[in-house]
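Colleague: coords please:
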Amino acid sequence: MAKYNDKELAETSKFLSFVLRHKPEAIGIVLDREGWGGYR
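Modeller: Presented below is the predicted three-dimensional model:
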């Protein structure tokens with residue numbers, strides 16, 4: 001298992017939070033009419 005430091009985890013968390021809230025389509029997530037998205 002890869003080891004990550006606290007800074008890397010915080011940066012990744014902030015990036016994912018931003019993208020999922022504002023531009024989910026930028027990472028290939030399509031939301032339905034109710035705001036839910038699927039995954040594979």
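
Colleague: okay, CA-based contacts and neighbour counts for the rest of this
Modeller: Fine.

Colleague: Low-confidence ranges, this structure, go.
Modeller: Within the chain, the ranges that satisfy pLDDT under 70 run 1, 40.

Colleague: Over to the residue nearest the centre of it. Which of the three states is it?
Modeller: For the chain, the residue nearest the mean C-alpha position is L16 (3.1 Å; C-alpha atoms, centre = their mean). Taken by DSSP: H, G, I helix; E, B strand; the rest coil, the conformation at L16 corresponds to helix.

Colleague: Can you give me the distance of it to K23?
Modeller: From L16 across to K23, the span is 10 Å (C-alpha to C-alpha, to the nearest Å).

Colleague: same deal with K3?
Modeller: Distance from K3 to K23, counting by C-alpha to C-alpha: 28 Å.

Colleague: okay, those two: which has more neighbours?
Modeller: The residue with more neighbours, out of K3 and K23, is K23; 14 against 7, by other C-alpha atoms under 10 Å.

Colleague: on that earlier part again, next up, the contacts around the residue nearest to the centre of the chain.
Modeller: Contacts for L16 (C-alpha atoms under 8 Å, 6 or more residues apart in numbering) come out as none.

Colleague: again with S17
Modeller: Residues near S17 by C-alpha under 8 Å, 6+ apart: none.

Colleague: do the same with V30
Modeller: P24, G37, G38.

Colleague: can we see that at 7 Å?
Modeller: Contact partners of V30, counting by C-alpha atoms under 7 Å, 6 or more residues apart in numbering, are P24, G37.
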